[in-house]
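*Asks:* Just a sequence and a predicted model for now, questions to come.
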Amino acid sequence: MHGEREINIFQMMKKYGTQDKCLTLLEEGRWRDHSKCPYCDSDKVSRHKEKSRQSRWQCSNCKKSYSVTVGTIFHHTHLELPKGFAVLPLMLNAKKRLSSHRISRDVGLRQPTALSIQNRIRKAMATEQGELLKGIVEMDETHIGGKPRHKGISKRGRGTDKTAVIGAVERKGNHNIFPGMI
């Protein structure tokens with residue numbers, strides 16, 4: 001079944017269509033059960049409530065307030081996370097290059113904003129040497145984790161507690177792996 005292997009914009013928006021759902025996904029993927037300060041690595045943190053701002057955290061050690069987006073491709077942007085998340089399947093599922101003009105039309109962003117998020121995604125996909133994968137790049141995803149212990153029909157892939165892993169390989173060259181990106 002082809003639909004189980006790729007995630008499309010509709011599935012992404014259905015699953016992560018609100019700012020809170022996106023923040024929850026980032027928090028779960030980044031910290032699992034406990035938050036750590038991205039500035040001093042302290043685990044003495046608490047949720048900081050502000051009515052007009054997105055979910056923030058407060059570090060008791062260095063006294064800094066921060067969001068889960070610190071150190072991610074969404075750091076220092078005013079981009080709504082659902083729109084940023086919608087760009088990911090567009091780029092991952094594109095067979096060839098995808099223009100920022102196309103993304104701006106499909107997602108409802110200004111073209112410079114679309115180009116900026118595209119560049120951030122490309123930078124995140126760079127190899128450890130700081131080089132982007134070049135030429136013909138093949139990408140695939142898999143879900144890692146054991147079989148469920150209960151009897152009956154078990155769900156496979158997305159929608160389970162398995163960890164999603166995306167791999168990218170440059171033909172005749174470098175490779176990269178992105179655990180838990182989706």
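*Replies:* In hand now; what should we look at?
*Asks:* Could I get the contacting residues of Asp20?
*Replies:* Contacts for Asp20 (CB atoms under 8 Å, 6 or more residues apart in numbering) come out as Ser55. No exception for glycine: its C-beta is placed from N, CA and C like everyone else's.
*Asks:* pLDDT on the helix or strand it falls within, on average?
*Replies:* Following DSSP states H and E, one finds Asp20 within helix 19-31. Here helix 19-31 scores 83 as its mean pLDDT.
*Asks:* Would you mark the buried spots in it?
*Replies:* Residues Lys21, Cys22, Leu23, Leu25, Leu26, Glu27, Gly29, Arg30 are the ones in helix 19-31 that count as buried (16 or more other CB atoms under 10 Å).
*Asks:* mind listing the strands for the chain?
*Replies:* 45-48, 56-59, 65-66, 137-144, 163-170, 175-179 (DSSP state E).
*Asks:* okay, those, which one's buried deepest?
*Replies:* strand 56-59 (a mean of 18; mean count of other CB atoms under 10 Å).
*Asks:* Can you work out which other helices and strands pack against it?
*Replies:* Packing partners of strand 56-59 (3 or more CB pairs under 8 Å, 6 or more residues apart in numbering; DSSP states H and E): strand 45-48, strand 65-66.
*Asks:* the helices in this protein, which residues?
*Replies:* Taking DSSP state H to define them, one finds helices in the chain at 9-16, 19-31, 81-93, 100-107, 111-124.
*Asks:* Specify the stretch among those that is closest to Thr163.
*Replies:* In terms of CB to CB, the element of those nearest to Thr163 is helix 19-31, at 9.2 Å.
*Asks:* Just give the closest residue to His101, not the sequence neighbours.
*Replies:* Leaving out its chain neighbours, the residue that sits closest to His101 by CB to CB, 6 or more residues apart in numbering is Gln111, at 5.7 Å.
*Asks:* still on that earlier bit, closest to Arg97 out of the strands of the chain?
*Replies:* strand 137-144 (10.9 Å).
*Asks:* just the angle between the closest one and strand 163-170, please?
*Replies:* Counting by axes from the mean of the first three to the mean of the last three CA atoms, to 10 degrees, strand 137-144 lies at 160 degrees to strand 163-170.
*Asks:* Note down every partner strand of strand 137-144 and its orientation.
*Replies:* Here strand 137-144 has these sheet partners by DSSP bridges: strand 163-170 (antiparallel).
*Asks:* The strand it pairs with to helix 19-31, inter-axis angle?
*Replies:* For strand 163-170 against helix 19-31, the angle by the same axes, to 10 degrees is 80 degrees.
*Asks:* Understood, closing this out.
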